[in-house]
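> this is a predicted model, with the sequence first.
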Amino acid sequence: MKRVCLLAAIAMIAAAPAWAADNTITIGFTASRTGPLNVDSTGQERGYEFWRDEVNAKGGIKVGDQQYKVKFVSYDDQSVGGRVQQLYTRLINQDKAQFLFSPYSSGLTAPAAVISEQYGKIMIDSGGAEEKPFELGNKYLFMVITSASHYLSGAVEALKQKNPHARIAVVYSDDPFSKTVLTATKAQAKAAGLDIVMDESYAPTTTDFGPIVNKIISSNADAFLGGGHYSDGATLARQMHDQKADVKWMSILVAPGDDKFAELGAAALGVTVPSQWEPQVSYQPQFGPTAAEFAKGFQDKFHAKADYHAASGYTSGMILQHAIEQAGSIDPEKVTAALNATDVTTFFGHIKFATDPQHHGLQAAHEMVLAQWQSENGKLGRQVVWPTSAKSADLIYPLSAATH
Amino acid sequence: MPRLLRRPFFWIIALVIAVFALVPAIGNNVELRESLLLAALYITLASNLNVMLGYAGYVNFGSIVFFGLGGYICVWLVNSYAWPLGLSLVAAGIAVSALALIFGLGILRLRGAFFALATIGVVEAVQAFAQNFTPWGGAAGIYLSSAIFQPLGGPASALWWIYFLMVAVMGLSLYLSYAIKVSKFGLGLLAIGQNEDAAAILGVPTPLYKALAYSASAFLPAVAGGLYFFKGAFIQPSDAFDLTLSTEALVVAMLGGQGTVTGVALGAYLYEELRGYLLTSETFSNFQLVLSGVLLLIIVLFFPGGLMGFVYSRFPSTKKVLE
Amino acid sequence: MLGILASIIDGLLVGLVYGLAAMGLTLIWGVMDVINLTHGTMIVGGMFALYLMATALGLPAYIALPPVLIGAFFVGLLLYWIAVHRMVGRPPLMSLLSTFSVNLVLIGIGTGVWGTALFNVEVSVPGVSIGRYTFPGPHILAAVLAAVIAAVLYLFLHRSRLGKSIRAVANNREAAELVGIPTTRVLAFSVGLGVALAGVSGVLIGTLFPFTVLSGDAYQLKSFVVTVLGGFGNPVGALLGGVALGLLEGAVTPFVPVSWTLVIEFVLFVLVLIAFPGGVFASRRGAL
């Protein structure tokens, strides 16, 4: 009963127009601090925090001639979709978040976006690459990363160059993100004249890929495209190696993009991964840090190497800040207009949003790079190998050549 | 029916429904509404579970199947065939009850722990099926465009409509479980729960009653599922068939006192509040599971009658009023 | 074709390990009608023990087996006294819930300490190659060890005095009490043994696949399926059930899109339960 009375009292106070206490901007989001998505989500959350700390150190975001400090309110979504909606509703209604960042992964971003649209709040998406939420007529959702259907287009191009008669095994996790990526990839491969000799999906909870690897061997494939998120990708790589699948090309989603992948040792060599960003890229930013400055600052602060999740998280903050400063206001409609007009280059890449109603908010300019695990003086590391204009090392083909 | 009206418990339920419906509405308190929506959902799921668990003694780990399937059917009808919400909800409820009847006839032949395991198998099989079934979007699920809220007056007003419907479903669940308990049907179920073979010998038509109970306990959770996923405008297999929710409904029923209407409802409400608090509290979110586990263990070891069991033993007079 | 045969053999190997994993579950079930829902987490415990010993202490992986066997045994005794002792004789539902709650606590602590990061143990055992297909060394070794442990368990239950006491208690607890068997101690021992088996299978599985704190769920489900196939309370049946499951997975995968394997597994599970309520290889109740 007491709780009801207290809440009723709060309700009456909240009926008064919202006020920003002491010039702060509240940004809300959930992160997967527990659950299977934890490893990748951590990078993204750190990216957000790094941006916030840098902005606040400089006095805050400039709105007109005032400065607003940034405050975060965040919760652990435990990698569960159902929680996400409850938590974002709470962030908006109870914590009075004025802007929102996305959770990590397409599966969680889609339900979160429903809530942000229901309440008309801007959400910057750096963790969900699937396009579907953008085809539903949303107005306040903006994606800074390359969308799913473009993830492996670079890999297909690179593969075609090395082997125009490649026989590809497409094996991917049955989740919204991976499915979208590989469906688009299959079409791109076919259009490039490559052969698809195996095409299957597996349950995301699969732990034993032995039977699948045998099937890949039976199909006589010499190239592999697929994977899902961290656990399955890492296991696939390991088992392909253990069972000597001997393919000449492997592109796996997400997993090889994490430094933990190095733990696989020899099984990691030669594996390529589509990446939203690598520390070696050479974009010339119009504002904000350069890639090298970002990587160093991140390393100093967190004693960990920056990956693309961190970079995309930081970019979310930067782009939102840029839009607020351009709009000179924190009014959602004005900031939305500023976001729609955004067309800038940052350390993360070129950022521009689609504005037609069928794809509103989809990222239109940013591009993926392809990174490959190579050995240099006995140490394993990722090198950017595609596009050739951005590369930091040559692409090694076939895979087995990398293990020398 | 008139006899029911004279019982005080009938009016207690009515009061609860009124409180749920009016308190958030008066202050236009959206945050309270969201929290009560979840509480209403838990109460619905737990009360319906109670029909099989508390009365007939059958542990259904898979009660989530009704919720998830109801959600899928409703969302699919709205999305692919543009059916209005009300019709889709009713259709979902009927379809799932019918399926439950068919399923039930098969697995209700099993007793005790075997039945429980079979229900787990059913959940996993249905989830795996939904992941592969393309008309339902497979693993990606189904997305509803924001246009679906237009017939209800736009998103803000639609969320209120959905809330009131959920409260109605909760109310119906409470009444249903109460009405069954005081009816001849309910007596038969309780007899089955005590000793199934003896009940059969004494003339209780056990297979029929069990199947009816199973089917009846599927209808309202299916409707609740339809409402919940319509509200979220998004459904995917891992959310729709999350075994955790099933287990939570079970925990709630045990916590409150299985076989009692009040206990289950109270247990659901308290559990949801506790969970909500633990979820967002900085200190406790890591310990949420540990706390739930310890709590449950204490109840199971020392207070198997649950909360209501405790209340009844201390205050025997309440037994006459609260069911 | 060779590919299908390779799949089937691989299934057989992995299946033996599944069978070992299920043995702990079915033993406890058979002896005292208790469904141990901490089973999956105990398997994970074995995996983490392996990780700590192999990575932190740098020991060869299989050395972890004896310490885990003993350590898990004591954990099992603890589990008995906390959650099972008061539940013996009550409906299985109660022990289901008490072990479930202990499981929640364990998972809560586990995720608190290790998060949900993936852990991997490198094991280098040479494999066997037939044609283009390789059977990884760890798979073969794990299967062999599983079979050996199962054989030892069988001998223990049928030849040793303690083993016979266990079977007596499983058959009829009151009668066993009457003839002077210290039933409480036997029950505690059985839980200890069941958990020890889970822990040991965890070590073996840890040498095959990467794992997280939450991996236990999947293996627990598989253990249930195996238990149903093999008969409740029947350890040998569990091994056979495990093999059957492994063969099923291996045989089905070449023909059917891999994602349908789970559906088939669980539909089969429910159908078998309905057709053979005690499990396919069910012996008479309690005849361990």
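All right, it came through fine.

> so what's the residue count around A:Gly60?
Neighbour count for A:Gly60, taken as other C-beta atoms under 10 Å in any protein chain shown: 18. For every residue, glycine as well, the C-beta is placed using N, CA and C.

> who are the neighbours in contact with it?
A:Asn23, A:Ile25, A:Gln67, A:Tyr68, A:Lys69, A:Val70 (C-beta atoms under 8 Å, 6 or more residues apart in numbering or on different chains).

> for the chain, give me the ranges with low pLDDT.
Using chain A here. A:1-22, A:35-36, A:404 (pLDDT under 70).

> should've been chain C
Ranges of chain C meeting pLDDT under 70: C:1, C:258-259, C:277-288.

> what residues of the longest helix belonging to it count as buried?
Among the elements of chain C assigned as helix by DSSP state H, the one spanning the most residues is helix C:2-32. With burial defined by 16 or more other C-beta atoms under 10 Å in any protein chain shown, the residues of helix C:2-32 counted as buried are C:3-32.

> ok, then the element right after it?
helix C:39-51 (DSSP states H and E).

> for that next one, name the packing helices and strands.
Helix C:39-51 is packed against helix C:2-32, helix C:65-79, helix C:92-114, helix C:183-208, helix C:216-230, with contacts defined by 3 or more C-beta pairs under 8 Å, 6 or more residues apart in numbering or on different chains; DSSP states H and E.

> nearest to chain B, of those?
Of all those, it is helix C:92-114 that lies closest to chain B, at 3.0 Å by C-beta to the nearest C-beta.

> in that closest one, what's buried?
C:92-111.

> mind giving me the packing neighbours of it?
When contacts are defined as 3+ C-beta pairs under 8 Å, 6+ apart, helix C:92-114 sits against helix B:112-132, helix B:243-256, helix B:288-302, helix C:39-51.

> so which bits of the stretch 51-200 of chain C are right by chain A?
C:111, C:115-118, C:120, C:122, C:127, C:129, C:132-134, C:136, C:139 (C-beta under 8 Å from any C-beta of the partner chain).

> restricted to strands, list those.
The strands, defined by DSSP state E, take in C:Ser129, C:Tyr133, C:Thr134 from these.

> count the neighbours of A:Tyr68 for me.
Neighbour tally, A:Tyr68, other C-beta under 10 Å: 23.

> how near is it to chain C?
According to C-beta to the nearest C-beta, to the nearest Å, A:Tyr68 and chain C sit 34 Å apart.

> same deal with B:Ile12?
Counting by C-beta to the nearest C-beta - B:Ile12 and chain C are separated by 28 Å.

> number of nearby residues for that residue?
B:Ile12: 18 neighbours (other C-beta under 10 Å).

> the host helix or strand of C:Val144 to helix C:65-79, inter-axis angle?
Element membership of C:Val144, judged by DSSP H and E, is helix C:137-159. Between helix C:137-159 and helix C:65-79, the angle comes out at 50 degrees (axes from the mean of the first three to the mean of the last three C-alpha atoms, to 10 degrees).

> okay, buried residues for helix C:137-159 please.
C:137-143, C:145-147, C:149-150, C:153-154, C:157.

> quick check: buried residues in the very next helix or strand once past that helix?
Later in the chain than helix C:137-159, the nearest helix or strand by DSSP H and E is helix C:161-171. Using 16+ other C-beta under 10 Å as the test for burial, helix C:161-171 gives C:Gly163, C:Ser165, C:Ile166, C:Arg167, C:Ala168, C:Val169, C:Ala170, C:Asn171.

> could you do stretch A:327-334 as well?
A:Ala327, A:Ile330, A:Pro332.

> from those, which land in helices?
A:Ala327, A:Pro332.

> could I get the buried residues of stretch A:327-334 as JSON lines with distance to A:Ala112?
What follows is the buried residues of stretch A:327-334, written out as JSON lines (distance: C-beta to C-beta, whole Å):
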{"residue": "A:Ala327", "distance to A:Ala112": "23"}
{"residue": "A:Ile330", "distance to A:Ala112": "21"}
{"residue": "A:Pro332", "distance to A:Ala112": "17"}
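
> pLDDT weak spots in the stretch 1-150 of chain B?
For the stretch 1-150 of chain B, the ranges with pLDDT under 70 are B:1-4, B:113.

> what does it have sitting close to chain C?
Counting by C-beta under 8 Å from any C-beta, the stretch 1-150 of chain B sits next to chain C at B:57, B:59, B:106-107, B:109-114, B:116-118, B:120-122, B:124-125, B:128-129, B:131-132.

> now the residues you listed: which count as buried?
Here, 16+ other C-beta under 10 Å leaves B:57, B:59, B:107, B:109-110, B:112-114, B:116-118, B:120-122, B:124-125, B:128-129, B:131-132 buried among the residues of the stretch 1-150 of chain B next to chain C.

> which of the residues of the stretch 51-200 of chain C next to chain A are buried? Put it as a ChimeraX command.
Entered in ChimeraX, the line below selects the buried ones among those, by 16+ other C-beta under 10 Å:
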select /C:111,115,116,118,120,127,132,133,134,136,139
